[in-house]
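Participant: only geometry, no sequence info:
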């Protein structure tokens, strides 16, 4: 693991996962790859928390899981956003944006 | 779907899967992680690493697989479902480890719950549940008629066919009106002929129900038209199954119902019994067929436009959106018009202004209406009693659990210090008691199924009995009772355990020297005693009532007398031949060795009464004195029935049609008509003042004709051969109990009957018993439940005192070592038990005293505050307490001080 990677602030992992699966069904590894790629490798999801987080979100009903065949025909568990997950994503994204905007305002003062 | 609901469902889905598919979930997780690592390895391989190295690095990057799996499992959770299952397993293991405890609790709760389940089934059927298949039960009523008679309001649920027509014609607020009546008829011919209840209903009756016929059809208005109707019959499903084996070719066959051969046109829906007042009908026939049959046998086909034969109930359905008040006003208006129409025919009835006729739409089930017998009220009382038994059972079990909780104090304290939350502990204790409640519930259903049959036969006599296990209402009630019992028994010990202080419990040993008196346990014990007293007082009151009502003199003998009814089944005999037949029956009866005497009569108490207008020279309007009833009787009548002749003589063979005209009167009539004078030798003129004098030759005792509580004082007797009535029945007096000889007598007399006609022989006891049923039920049920309560309370007391003695072994050892004698120790223990009992007697006695004003009306010449009963109950309870504490007392006296003091 790379020490230069940023630590994820509390609660953002859920937001990132929800956002990732909002683009379509994907399995766990793809989710972590997608987040890493899009964030230009700045955000790396600690593998140790990915699966507990996925199961937690599934339990809340925000994502649902289904077994399917992957590209090379292996059994893989695909996660996708549910309807309540979509509104949760909306709410969390809004909260995140207003939080970061406020934090920037404070940092930019003076 | 609302959000919270979909959240909840997804959570449930997830958890259920997590619990029940634990192995496959685990497997899925493995697969998922392996897939991830393989994917990562593939990526690394693509960047040029050798496969082996790529796999190694991927695994390292992923981290500790087992830890991650553990974390994931934590999220998916030890769910509450799993906790519950764990608690259940824990509780079940605990209960299995102590089979004696579990069995006794199951039995105790089972008896309590079973009593309640059985009583619920009865009360539900008597008072709550609408008749099966009834459409819009809220709008369906029976009409109850009230008018002033003897300056008193009299309410009646029965009326005439003409009145039914008036109601149908003169009302505006009703959707439908129907006739409902009931009678017992011989069904079939020859060997198969058997008396069965028959429903007598109008064609409109069927429209009150949503019950399609199982076969064929119901009868139509054209088959139920005045005057004669068409002789058709609809069989009940049960009768069709029993008699015809459910064969579909019964349609069109003929079945003899009473005097009428009826064509079977249909079979009612399964379980359809209409509105059964007095029995489950085997078949239904049109009201007009019955009305015509009966009135033509009397020689006048006028049942549909005269008002002197009330045999039916009127059932109505209100129009929707019409209030009950509006319907009642409408019905009363119709009744007033109908009354006026009746008065136009019979001018001797009082005018509307005096009689003030009122009609009201009341409960459709007779037992829920104003004319209900006390049976329904007594059923409610007994249901209350059953609740009390359950309370005692719960108190008992709570006490046992409390005792166990005290034993488990150390275990509980230890678990609390090890980090178990109080909530978890409470949940565990409650789970245990709920499990016990469930066991009790199952036992209760079994008990209700088995013992309920006996109860049902007591209360519901003829009405179809339902299966407890197959009746969802009763099952739901059993479930609720089990749940409540589980909560009630579990709550007290759970709360006490939750309050347990840690340190002291851990520090002291399991036997901590000082005896812990729990106020809660004392209260539970006193409560049990008090409730037992309440029930035993009730039992005493009802037993005394039953004894009083049984030993009351009715004015005739009950046990040795048989009433033989002649059923001619449509055979038309001239009056003289009919009288001759009855005479031959009397002769045949006399020839039977078991028979002491026999006589003819036309009416029998409680079943039929006759009235006949008469005048007395010198007395202005005897009607003013009240309602007179008449019996026409042959020689030996008074000897046969056992009615005592107080003065003069009874009738003899010499009182023939050509003999001197005579009469006998009851003592009450003698005093009312000829006050201060001798009735013997006075003159009665039947019907008109121009008739010849009938000279009173005898005065006999008053008899109970229609009521056990009031005797019919105004009754007179005329020689049957001087009156030539249309009908005559036979009374037979046997040596010893008549019910033992009923069949012999019936068979001998049957030989005399011509053609398809037949006789029935009914012991007077069977006629009287239903009138005494409410007291019999009260006495039986209070006794059974009272005894049950006493046993439960005694067991409760025993277990508490025995437990106390076990806890105080050390203290008792010290006392003995210090010189206390055996009698001191025994007195110490017994005194404790008796104190509990005394407190229970005081509290329960006060409760019974307070409840006496409600139970009073159900009793029979017993004061609800009878001191003898209260005293007896006190003695019984003290004796039970003495017995319950005697065993622990003896055990206490045997304590060896050496052992007791050394043991710690």
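Facilitator: On my side now, so go ahead. Keep in mind that this is a model prediction, so the values were computed, not measured. Numbers count the residues shown, from 1 in each chain, chains lettered A, B, ... in the order given.

Participant: use CA for all of it now, contacts and neighbours both
Facilitator: Will do.

Participant: does the residue positioned nearest the centre of chain A count as helix, strand or coil?
Facilitator: Nearest to the mean C-alpha position of chain A, by CA atoms, centre = their mean, lies residue A:17 at 1.7 Å. Local secondary structure at residue A:17 is given as helix here, using DSSP: H, G, I helix; E, B strand; the rest coil.

Participant: wait, it sits on residue A:29?
Facilitator: No: counting by CA atoms under 8 Å, residue A:17 sits too far from residue A:29 to count as a contact (11.4 Å).

Participant: which SS class is the closest residue to chain B within chain A?
Facilitator: Closest to chain B within chain A is residue A:52: 4.0 Å, counting by CA to the nearest CA. Secondary structure for residue A:52, judged by three-state DSSP, is helix.

Participant: Return the per-residue confidence for it.
Facilitator: Here, the pLDDT recorded for residue A:52 equals 83.

Participant: burial count for it?
Facilitator: 20 (other CA atoms under 10 Å in any protein chain shown).

Participant: Quick check: chain neighbours aside, which residue is closest to it?
Facilitator: residue B:72 (4.0 Å; CA to CA, 6 or more residues apart in numbering or on different chains).

Participant: surely that neighbour meets residue A:48?
Facilitator: No: checked against CA under 8 Å, the pair residue B:72 and residue A:48 is beyond contact range at 9.3 Å.

Participant: higher neighbour count, the two?
Facilitator: Between residue B:72 and residue A:48, counted using other CA under 10 Å, residue B:72 has the larger neighbour count: 21 against 18.

Participant: Enumerate every residue touching residue B:495.
Facilitator: Applying CA atoms under 8 Å, 6 or more residues apart in numbering or on different chains to residue B:495 gives the contacts residue B:426.

Participant: Show the secondary-structure elements that the helix or strand containing residue B:375 is packed against.
Facilitator: Assigned by DSSP states H and E, residue B:375 belongs to helix B:374-407. Using 3 or more CA pairs under 8 Å, 6 or more residues apart in numbering or on different chains; DSSP states H and E, the elements in contact with helix B:374-407 are helix B:99-123, helix B:472-498, helix B:519-551, helix B:764-807.

Participant: Toward the C-terminus, what is the element adjacent to that helix?
Facilitator: Heading C-terminal from helix B:374-407 (DSSP H and E), you reach helix B:409-417.

Participant: okay, the angle between the helix or strand following that next one and helix B:374-407?
Facilitator: Following helix B:409-417 in sequence order, the next helix or strand is helix B:422-460 (DSSP H and E). Here the directions of helix B:422-460 and helix B:374-407 differ by 150 degrees (axes from the mean of the first three to the mean of the last three CA atoms, to 10 degrees).

Participant: list the buried ones in helix B:422-460?
Facilitator: For helix B:422-460, a neighbour-count test (16 or more other CA atoms under 10 Å in any protein chain shown) marks B:422, B:425-449, B:451-453, B:455-456, B:458-460 as buried.

Participant: the inter-axis angle of it versus helix B:99-123?
Facilitator: Put simply, helix B:422-460 runs at 50 degrees to helix B:99-123, going by the same axes, to 10 degrees.

Participant: what mean pLDDT does helix B:422-460 have?
Facilitator: Regarding helix B:422-460, the rounded mean pLDDT is 81.

Participant: swap in stretch B:747-761?
Facilitator: Averaged across stretch B:747-761, pLDDT comes to 84.

Participant: could you point out which element follows the lowest-mean-pLDDT helix or strand in chain A?
Facilitator: Counting by mean pLDDT, DSSP states H and E, the weakest-scoring helix or strand in chain A turns out to be helix A:47-60, with a mean of 82. Once helix A:47-60 ends, the next helix or strand along the chain (criterion: DSSP H and E) is strand A:63-69.

Participant: Quick one: distance of stretch B:479-492 to the chain centre.
Facilitator: What separates the centre of stretch B:479-492 from the centre of its chain is 25 Å, taken as CA atoms, centre = their mean, to the nearest Å.

Participant: Tell me, how many residues neighbour the nearest residue to residue B:569 once chain neighbours are set aside?
Facilitator: Computed as CA to CA, 6+ apart, the closest residue to residue B:569 that is not its neighbour in sequence is residue B:259, at 4.0 Å. For residue B:259, the count of nearby residues is 20 (other CA under 10 Å).
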